[in-house]
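Participant: starting from these lines, generate the structure:
(one chain, ligands or ions: 1)
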Amino acid sequence: MTDGIWDLAKGEVRKDVGTHNFKAWIEPLRYGAVDGRVLQLVAPTDFLGTWVAQNFSDVILRRVTEAGCDVTRLVCDTALPATRAKATPDEAAPSERSRAESDLDRRFTFERFVVGKSNEMAHAAARRVASGAPVSFNPLFLHGRVGLGKTHLMQAIAWQLRESDPERRVLYLSAEQFMYRFVQALREKNTMDFKHLFRSVDVLLVDDVQFIAGKESTQEEFFHTFNALVNQGKQVVISADRSPSEISDLEERITSRLESGLVVDLHPADYELRLGVLQQRVESLGEHYKGFAVEEGVLEFLASRINTSIRALEGAVTRLAAYADLLKEPVSLAQAQDVLSDLLRASQKKLTIDDIMKTTCEHYNLRMSDMTSARRSRTVARPRQMAMYLAKKLTPRSYPEIGRMFGGRDHTTVLYAVRKIEELIAAEPQIAEDAELLTRKLDG
Ligand SMILES: Nc1ncnc2c1ncn2[C@@H]1O[C@H](COP(=O)(O)OP(=O)(O)OP(=O)(O)O)[C@@H](O)[C@H]1O
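Facilitator: Presented below is the predicted three-dimensional model:
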């Protein structure tokens, strides 16, 4: 490719993005090089480069390809990466790596997000923000343990907002990148540019905000950026691995600011959601690995056994797909257990009898002391038997051990309780439902 092709493509990009965007973001770019199918453009500042890569990649790549140079990825840096052709991915220049990380992931869209009970609130709030309607809660704060879909939802918001209005300035970045850029601006003594650029966005999405806890000047800058945007009625979306009040080393004023909008929790995925994600992954991997299939019961088994994170579920399916590709036949349950044995072991939940007692008490509205007391009234005795039954079913504890934990009871009492509940499950729908519900709650 030559400068000429870039000039040609630029003219078309201008039509796509409008004069305002063109002047602000595209005009300052210089043609760098084409390396394989990677187009390298040179940006005057780091921020501008990130912005272009995040907001205009698609249109630039399309127009350059139409102009005669087939490219599939855009890198926008302040300088040309040194002879990358020979570098392995691990050796690629650091700026190259951080640029790649700053791009939105194509897979993280609403279409590919499976909704279940545990994430429906977060999904609904994200959809609301992504609709682009006037802000009703600011910020939207999403939190949850690792791998439950925070980044996916944040990026889905960014994709949709950009798609519905390419003029809208939507910036997604991790808190770490925010800090990195801020420190760089300090070093290069251009904090004014930094402030101006961050404050001119329409929507700011900052992922993993717990990262800036304890980092004083970054927190300070983040706080001012945040306030400036919220005061102008610009939408802010934040994510973290815990709720604002649980992030230690975060200044009090920031915590209360973060709590001032809508705080939504992504809960660990329940069985149905896990199964839904597995089915979706098998379907989408089937497009790459022709004929990839698993035998009946395999996904149900994995959904019941892998309950750590959705990321772990995805990893499991990817591994099965690679295996099936070698095998050229549907994966059986025994093969899946074998191929994923390490994952299955790591996911085995260490459920305690205390957990079981607690959940059972919550369900029947009893006190923990009722589990170990000598009271025999039906309202207490039946739930206690249920808890014993669950303890036997869901933990490796023996009858005598369970008896000891339930207030020093004899092992025959536990044996009787287990049999009794089994009988009742077969005879009384209400008991069967209780047992099912509690098992789900405890076993993920
Ligand atoms: N509901 C869902 N439907 C489909 N895929 C999902 C869902 N939730 C999570 N995933 C997938 O699981 C993986 C992990 O999700 P994501 O990166 O969003 O997690 P996270 O909560 O941001 O975790 P971390 O804090 O580790 O960054 C991603 O590949 C994502 O696409």
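Participant: contacts, neighbours, all on C-alpha from now
Facilitator: Will do.
Participant: and the stretch 201-350 of the chain, which of its residues are near the ligand?
Facilitator: Residues of the stretch 201-350 of the chain lying near the ligand by C-alpha under 6 Å from any ligand atom: 241, 277, 310, 311.
Participant: three-state assignment of the last one?
Facilitator: In the three-state summary, residue 311 is assigned as helix, counting by DSSP: H, G, I helix; E, B strand; the rest coil.
Participant: nearest residue to it in space, ignoring adjacent ones along the chain?
Facilitator: Distance criterion C-alpha to C-alpha, 6 or more residues apart in numbering; nearest residue to residue 311, sequence neighbours excluded, is residue 147 at 5.2 Å.
Participant: returning to that earlier point: now for the residues of the stretch 201-350 of the chain next to the ligand: which two are most distant?
Facilitator: 241 and 277 (20.9 Å; C-alpha to C-alpha).
Participant: more crowded one of those two?
Facilitator: It is residue 277, of residue 241 and residue 277, that has more neighbours when counted by other C-alpha atoms under 10 Å, with 25 against 22.
Participant: avg pLDDT for the helix or strand hosting the more buried one?
Facilitator: Using DSSP states H and E, residue 277 maps to helix 271-288. In this model, helix 271-288 has an average pLDDT of 89.
Participant: other residues contacting that helix?
Facilitator: 112, 114-118, 292-293, 299-300, 302-304, 307, 310, 313-314, 317-318, 321, 440, 444 (C-alpha atoms under 8 Å, 6 or more residues apart in numbering).
Participant: let's go with 6 Å and repeat that
Facilitator: 116, 292, 303 (C-alpha atoms under 6 Å, 6 or more residues apart in numbering).
Participant: return the member of those residues nearest to the ligand.
Facilitator: Distance to the ligand across the contacts of helix 271-288 (C-alpha to the nearest ligand atom) is lowest for residue 116, with 7.3 Å.
Participant: residues near the residue in the stretch 201-350 of the chain positioned nearest to the ligand, how many?
Facilitator: In the stretch 201-350 of the chain, the residue that lies nearest the ligand is residue 311 (4.1 Å; C-alpha to the nearest ligand atom). Residues near residue 311, counting by other C-alpha under 10 Å, number 13.
Participant: how is this protein carved up into domains?
Facilitator: What automatic domain parsing lists as the domains of the chain is 3-87, 110-265, 271-348, 353-443.
Participant: can you give me the strands for this structure?
Facilitator: Ranges of strands in the chain, per DSSP state E, are 30-35, 38-42, 73-77, 140-144, 170-174, 203-207, 235-240, 262-266.
Participant: in TSV: those strands, plus mean neighbour count and mean pLDDT.
Facilitator: Shown next, in TSV, are those (neighbours: other C-alpha atoms under 10 Å; pLDDT from 0 to 100):
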stretch	mean neighbour count	mean pLDDT
strand 30-35	18	84
strand 38-42	20	89
strand 73-77	25	87
strand 140-144	26	95
strand 170-174	22	90
strand 203-207	24	94
strand 235-240	25	96
strand 262-266	20	94
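Participant: and these as TSV, adding distance to residue 429?
Facilitator: Below are the strands of the chain laid out as TSV (distance: least, C-alpha to C-alpha, whole Å):
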stretch	distance to residue 429
strand 30-35	66
strand 38-42	62
strand 73-77	58
strand 140-144	35
strand 170-174	49
strand 203-207	45
strand 235-240	41
strand 262-266	31
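Participant: nearest the geometric middle of the protein, what residue?
Facilitator: residue 149 (2.2 Å; C-alpha atoms, centre = their mean).
Participant: that one and residue 13, how far apart?
Facilitator: Counting by C-alpha to C-alpha, to the nearest Å, the gap from residue 149 to residue 13 is 33 Å.
Participant: report the distance from stretch 117-132 to the chain centre.
Facilitator: How far stretch 117-132 lies from its chain's middle: 13 Å, per C-alpha atoms, centre = their mean, to the nearest Å.
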